[in-house]
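In: One predicted model, sequence on top.
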Amino acid sequence: MTTLDQRIVVVGSGHAGVELAAALRQHGHTGPVTIVGDEPDLPYQRPPLSKEFLKSSADAGLPLKGEAFYAAKDVTLRLGRHAASIDRERRELELAGGERLAFDHLVLATGARNRIPPIPGLDRAPMLELRTLADARLLHERLDSLRHVAVVGGGFIGLEVAALLRVRGIAVDLVEATPRLMGRVLSARMSAHFRFHHEALGTRLHFETLVRGVHEAARGCSVALSSGETLETDAVLVAAGVTPNTELAQRAGLEVGNGIVADARLVTSDPAISAIGDCVAYPNVHAGGMARLESVQNAVDQARAVAARLAGKPASPYTALPWFWTDQGDMKLQIAGLSEGFDTPVLLGDAAARQFSVLCFRAGKLIAVESCN
């Protein structure tokens, strides 16, 4: 068996898994390629779920590849199937129900799931979230019945949904545990600009505030805040970050820690298993240490890097520059690089005209750029 004949099994039908299959074929891989995914839908794009999809629930623009692609490239899809365990010694992936898939190399692209805070009463409340197509469909179905929504979390997803709700005239209270919006990824200057934007849209922002409990009410529920205020709301939308899906790897005895741990070539502690996308923690030259990134760019670039390695190309360390984007109302934010630890911000452009960038330097070196519109 040559490198190009290997049986490749991919766990995860998101951006990373589909791009890996496509890139393998581009590199001339001729062996069997199988993608296993929990969700029953044809693999789809996630970013539009919190943007265009909530304006119109048409699925037409969502698929990552048309159905004909998988047949033409001889990629087998096992959708709506749960990967239960990995037999590393026999090199087999067992699916729920007992089916076993033999592999020469296994790629874990298991992604992440929403982190649900341990808030008393939340499990009995009308709770919404946004991660999967099923989540987006449910939210879209409920939009016409909503007058007020409490959003928990001031990151990309919470703010994207808040902006769309306000366009529809739905009142929004957004609760954020830290002192500012998107504080984990943004400079104070850019964060403040987006605060003004959301306040102008009419969203009420609650900073350095926690949700203490959620209680039943005549309509929807009441949300008790650490500030002492109580919000009467139709639904609670939780957007409090994500947790990497590491359980399959952990059960197999692979090293995990804020993700499935991999080396600079994205190989796990088992040389027959790689990991890519939101689930993997790896040595990141831009972060200066182990990092786990949540972005389409990272998923796609890692998939291409691993596909090249599996096709026999020289195995170089993965060093792609991270970049991110978010659309919040009529404001587009794009970020290149990682700004953590920067010491000098430089403003370019016109903040008053809502077209400007913040350049983030550390010790005189440009490490990130944040650009608004």
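Out: Happy to help now that I have it.

In: In contact with Val369: list those residues for me.
Out: Counting by C-beta atoms under 8 Å, 6 or more residues apart in numbering, Val369 touches 335-337, 357-360. Heads up, the C-betas are built off the backbone N, CA and C, glycines and all.

In: Kindly recompute the last result at 10 Å.
Out: When contacts are counted by C-beta atoms under 10 Å, 6 or more residues apart in numbering, Val369 is found next to 323, 334-337, 339, 346, 348, 357-360.

In: quick one: the helices in this structure?
Out: If DSSP state H is used as the criterion, the helices of the chain fall at 15-26, 52-55, 67-72, 133-142, 156-167, 188-201, 247-251, 296-310.

In: Find the residue at the geometric middle of this protein.
Out: The centroid of the chain falls nearest to Glu294 when counting by C-alpha atoms, centre = their mean (4.7 Å).

In: Just give me the neighbour total for Gly213.
Out: Number of residues near Gly213 (other C-beta atoms under 10 Å) recorded here: 15.

In: correct me, but it touches Asp123?
Out: No - with contacts counted by C-beta atoms under 10 Å, Gly213 stays clear of Asp123, the gap being 11.6 Å.

In: re the thing from before, ok, the residue nearest to the centre of the chain to Leu159 distance?
Out: According to C-beta to C-beta, to the nearest Å, Glu294 and Leu159 sit 15 Å apart.

In: now swap in Leu347 and tell me
Out: In this view, Leu347 and Leu159 are 22 Å apart by C-beta to C-beta.

In: same check, this time on Val18
Out: To Leu159, Val18 is 27 Å away according to C-beta to C-beta.

In: same question, Asn258
Out: Separation of Asn258 from Leu159 (C-beta to C-beta): 24 Å.

In: Settle it for me: which of those two has more neighbours?
Out: Per other C-beta under 10 Å, whichever of Asn258 and Leu159 has more neighbours is Leu159, with 31 against 13.

In: The closest residue to that one other than its chain neighbours - how many residues pack around it?
Out: Leaving aside its chain neighbours, Leu159 sits nearest to Gln328 (5.0 Å; criterion: C-beta to C-beta, 6 or more residues apart in numbering). Burial measure for Gln328: 23 neighbouring residues, criterion other C-beta under 10 Å.

In: partners of Gln328 in the sheet?
Out: For Gln328, the beta-bridge partners are Met331 (DSSP bridges).

In: Please shift the residue numbers so they start at 58 in all later answers.
Out: Let's use 58 as the start, then, which means that last one is Gln385.

In: Just confirm it contacts Ala219, I think it does.
Out: Yes - assessed by C-beta under 10 Å, Gln385 is found in contact with Ala219 at 7.8 Å.

In: Need the overlap of contacts for those two.
Out: When contacts are counted by C-beta under 10 Å, 6+ apart, Gln385 and Ala219 have 255, 258 as shared neighbours.

In: Determine how far the last residue of stretch 232-252 lies from the first.
Out: 13 Å (C-alpha to C-alpha, to the nearest Å).

In: Check which residues of it are buried.
Out: Within stretch 232-252, the residues scored as buried using 16 or more other C-beta atoms under 10 Å are 232-234, 237-240, 242-244, 247-248, 250-252.

In: elements contacting the worst-scoring helix or strand of the chain on mean pLDDT?
Out: Within the chain, confidence by mean pLDDT, DSSP states H and E is lowest for helix 109-112 among all helices and strands, at a mean of 79. Helix 109-112 sits against helix 190-199, helix 213-224, with contacts defined as 3 or more C-beta pairs under 10 Å, 6 or more residues apart in numbering; DSSP states H and E.
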